[in-house]
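>>> Quick one, what's the 3D model for this:
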Amino acid sequence: MLSNLEPAKKVMRPGRHDPGPATELIRLIRSPQTDAGVERLLSPPDNLGVDMGRLSGQVAIVTGGATGIGRATVERLLDEGAGVLFTDLATSAGAEALEKLGGHGRQLAFVPGDVRDRAHSANVVSETLNRWGRIDILVGNAGLQAPGRLIDSTEADWKNTLSVNLLGLAWSCQAVLPNMIERGSGSIVAVSSVNALTGFAGMAAYDAAKSGVIALIRHIAVEHGRNGVRANAVCPGATITEFHLERAAERGVDAAALRAGMKGYGLLGRAAEPAEIAAVIAFLAGSDASFITGQALAADGGVTATGSSQ
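Numbering: from 1, shown residues only. This is a model prediction of the structure:
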């Protein structure tokens with residue numbers, strides 16, 4: 001979750017120095033812009049093309065799966081037929097997700113824990129193998145957003161942000177790789193950020209960590225491609241999750257106003273919904289992306305096409 005809702009003061013310049021998508025959402029939570037004439041632009045597609053059997057028989061681990069993009073990914077993978085074990089530090093949210101998304105013949109399990117703990121990642125793999133005997137997919141989604149300029153940041157800011165966003169991913173990958181290598185097959189999808197692809201102000205540690213995610217994924221792709229393991233990163237732009245909606249509600253801002261405030265973001269004129277990012281993750285995880293590895297795919301509404309969020 002965001003540790004500070006107040007973005008650092010900065011001098012605005014055009015183009016690549018515009019605020020990043022997370023910073024922009026923070027600004028809108030505090031001071032939303034409303035426009036009744038942009039409803040059409042702010043609506044994602046009704047049908048995101050779920051393939052009910054695409055991942056049938058496969059097993060996935062999703063970190064940070066209780067809320068937001070992670071929860072949407074758990075639901076998407078289940079819809080496509082996979083067995084899913086998800087982890088999260090938020091025990092109550094994880095239990096709620098397990099109750100809501102499980103059932104109806106779905107194979108779903110939840111293991112609470114902290115991705116910063118190497119032993120937790122090993123335990124997650126053991127639990128998955130005990131249940132299903134294989135691991136086909138890892139979605140490394142667990143992350144922490146922490147706004148702050150480099151000049152203002154502390155040692156604690158950097159250690160916390162890097163340990164969750166980068167080291168936690170490394171432990172997760174390290175834990176699943178032996179089974180994937182032994183079986184000669186596997187797909188790792190990590191959630192990075194559009195902030196890793198173009199310059200933004202106000203999130204120094206976060207941007208550095210998410211850039212490291214891409215570098216780590218490329219290392220895995222190069223190191224283990226001949227073992228049949230693919231590794232890719234998804235780089236979302238601004239995405240409105242439960243966290244943003246809850247923080248906005250605390251300030252008397254409803255969901256419609258928050259979304260309307262994102263008018264003009266990217267080339268599509270709106271922020272993403274978690275299900276849209278989950279659809280990209282599911283694509284990269286599955287066999288439709290069988291010849292894609294070592295890539296950082298922007299799902300950013302066109303922000304990287306212009307280098308600006310506006």
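
>>> Residue 220 reaches residue 232, doesn't it?
No - contact criterion Cβ atoms under 8 Å: residue 220 and residue 232 do not qualify, at 9.6 Å. Placement of C-beta: from N, CA and C, glycine included.

>>> Quick check: neighbours shared by those two?
Common neighbours of residue 220 and residue 232, using Cβ atoms under 8 Å, 6 or more residues apart in numbering, are residue 188.

>>> For residue 62, which three-state class applies?
Following DSSP: H, G, I helix; E, B strand; the rest coil, we place residue 62 in the strand state.

>>> tell me the secondary structure for residue 69?
State at residue 69, reduced to three classes by three-state DSSP: helix.

>>> ok now do it, which residues does it touch?
For residue 69, the contact set (Cβ under 8 Å, 6+ apart) comprises 141, 191, 236, 239, 241, 274, 277, 278, 281.

>>> any idea how far it lies from residue 211?
19 Å (Cβ to Cβ, to the nearest Å).

>>> Check residue 278 too.
Separation of residue 278 from residue 211 (Cβ to Cβ): 23 Å.

>>> Give the residue from these two that has the larger number of neighbours.
Just comparing residue 278 and residue 211: by other Cβ atoms under 10 Å the higher neighbour count belongs to residue 278, 27 against 18.

>>> Wait, the more buried one touches residue 72, no?
Yes - look at residue 278 against residue 72 with Cβ under 8 Å: they come within range, at 3.9 Å.

>>> Keeping just the C-alphas, turn stretch 215-228 into PDB.
Backbone C-alpha positions of stretch 215-228 (Å, rounded to 0.1, in the frame of the first residue of the first chain) are rendered in PDB as follows:
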ATOM      1  CA  ALA A 215      16.600  -6.500 -15.200                       C
ATOM      2  CA  LEU A 216      16.000  -9.600 -13.000                       C
ATOM      3  CA  ILE A 217      13.300 -11.000 -15.400                       C
ATOM      4  CA  ARG A 218      15.700 -10.600 -18.300                       C
ATOM      5  CA  HIS A 219      18.400 -12.400 -16.400                       C
ATOM      6  CA  ILE A 220      16.100 -15.300 -15.700                       C
ATOM      7  CA  ALA A 221      15.000 -15.400 -19.400                       C
ATOM      8  CA  VAL A 222      18.600 -15.500 -20.500                       C
ATOM      9  CA  GLU A 223      19.800 -17.900 -17.800                       C
ATOM     10  CA  HIS A 224      17.000 -20.400 -18.100                       C
ATOM     11  CA  GLY A 225      15.500 -20.100 -21.600                       C
ATOM     12  CA  ARG A 226      17.300 -23.400 -22.500                       C
ATOM     13  CA  ASN A 227      15.600 -25.000 -19.500                       C
ATOM     14  CA  GLY A 228      12.200 -24.200 -21.000                       C
END
